[in-house]
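> quick one: sequence and predicted model below, then my questions.
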Amino acid sequence: MQESESIASEKYCGPLEIEIDEIPSVNLQSIELPSDASAFRKFAIGTRKRKFILTEDWTISVKGMDTSTSLDGVITIPAERNGEQIRFDGASVPFPWLISFLSIGSLRPLGVMLIPLIVHDYAFMFGELLVSKTEDEAPVRVEVKRHDADTLFYRMIKTFNGDPVTARLAYVAVRLGWLFGVKYNGYGRGGKPPIMIIGVASLVLASLGFVLIPNSYVPGPKKLSPKWLSDLVSQFFSPEAVADFTGRVAGLVTFSVLLYVGIYLLSLFSLWRFMRENERGE
């Protein structure tokens, strides 16, 4: 399957100044489903990340990367490296289905994330980008740190769709990739660890444990005995405990739904404001 569209040069202004002459021309890899596979197996295969290749070298002009001025200029993403086709699959973005869901579908891997994803994937595969100051110059290899690649990814998404909420969701996802062992340039982790995000995630997990697990189940100094585990199991599955736990889960689900609706409304407002600003600019 081939997706190709030629457009006039377009400029986008936001955290970055981006100019593209055309969208990337890609060939998507077909997903083959075995005829004798079970329904569950077909579902599992169907949810795999779609791999694709570039049909030709592609360039994008980027300005405003104050964290790494060496990335300002024309970034070239080659279709081949050392004579072999480069296969992109969005592996640098963990949990793409979750990001798509939380962003109300606006951050689909082959949607608004396509261009930032290609640049981000290439940086993750090789730890560098090919950059030139102008289109007439030959690109040179510029080493890119993991955190700079993540920052570039975030700013590109924010520049393209003007929504800081969904852009921040995508940024948190790629930064959590450090924690989940997503490789960078063939090596585990690398770059600055996302200390703030890890701290917030730890706080959220601790809060969930506090909300979901009643205090009577937490072992105190007097409860640490050989019978503690069996007592804990019997208490946890008692009718009163089940009712208490169910109530806590219901409250957590309600809070999650309200939070999701809030993110959705905030995203709509951000998108509306972005469109209004563009209309005034025209």
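Happy to help now that I have it.

> residues touching the closest residue to S132 other than its chain neighbours, list them.
Nearest non-adjacent residue to S132, counting by CB to CB, 6 or more residues apart in numbering: P139, 4.3 Å away. Every residue, glycine included, has its C-beta placed from N, CA and C. For P139, the contacting residues are 74-76, 130-132, by CB atoms under 8 Å, 6 or more residues apart in numbering.

> could you rerun that using 6 Å?
With contacts defined as CB atoms under 6 Å, 6 or more residues apart in numbering, P139 is in contact with 76, 130-132.

> and for F160?
Going by CB under 6 Å, 6+ apart, F160 touches 12, 112.

> wait, is it part of a strand?
No. Assessed with DSSP: H, G, I helix; E, B strand; the rest coil, F160 is helix; it does not lie in a strand.

> going forward, count from 38.
In the new count, where the first residue is 38, that last one comes out as F197.

> do you know the pLDDT at it?
The score at F197 is 87. That number is its pLDDT.

> same check on the one 4 residues further on?
At P201, the pLDDT value in this model is 82.

> can you count the residues close to G101?
A count of neighbours around G101, defined by other CB atoms under 10 Å, yields 16.

> next: the one 3 residues further on.
When neighbours are counted by other CB under 10 Å, T104 registers 12.

> where does it sit: helix, strand or coil?
Applying three-state DSSP to T104 yields a three-state assignment of coil.

> just the pLDDT at it, thanks.
On pLDDT, T104 comes in at 71.

> likewise L308?
pLDDT recorded at L308 is 59.

> least confident secondary structure element in this structure?
Ranking every helix and strand in the chain by mean pLDDT, DSSP states H and E puts strand 39-40 at the bottom, with a mean of 46.

> after it comes which helix or strand?
Following strand 39-40 in sequence order, the next helix or strand is strand 47-50 (DSSP states H and E).

> quick one: F89 from G228, how far?
The gap separating F89 from G228 is 26 Å, by CB to CB, to the nearest Å.

> first to last residue in stretch 169-183, what's the distance?
End-to-end distance for stretch 169-183, by CA to CA, to the nearest Å: 20 Å.

> and it, what's buried?
Buried residues in stretch 169-183, counted by 16 or more other CB atoms under 10 Å: 169, 176, 179, 181-183.
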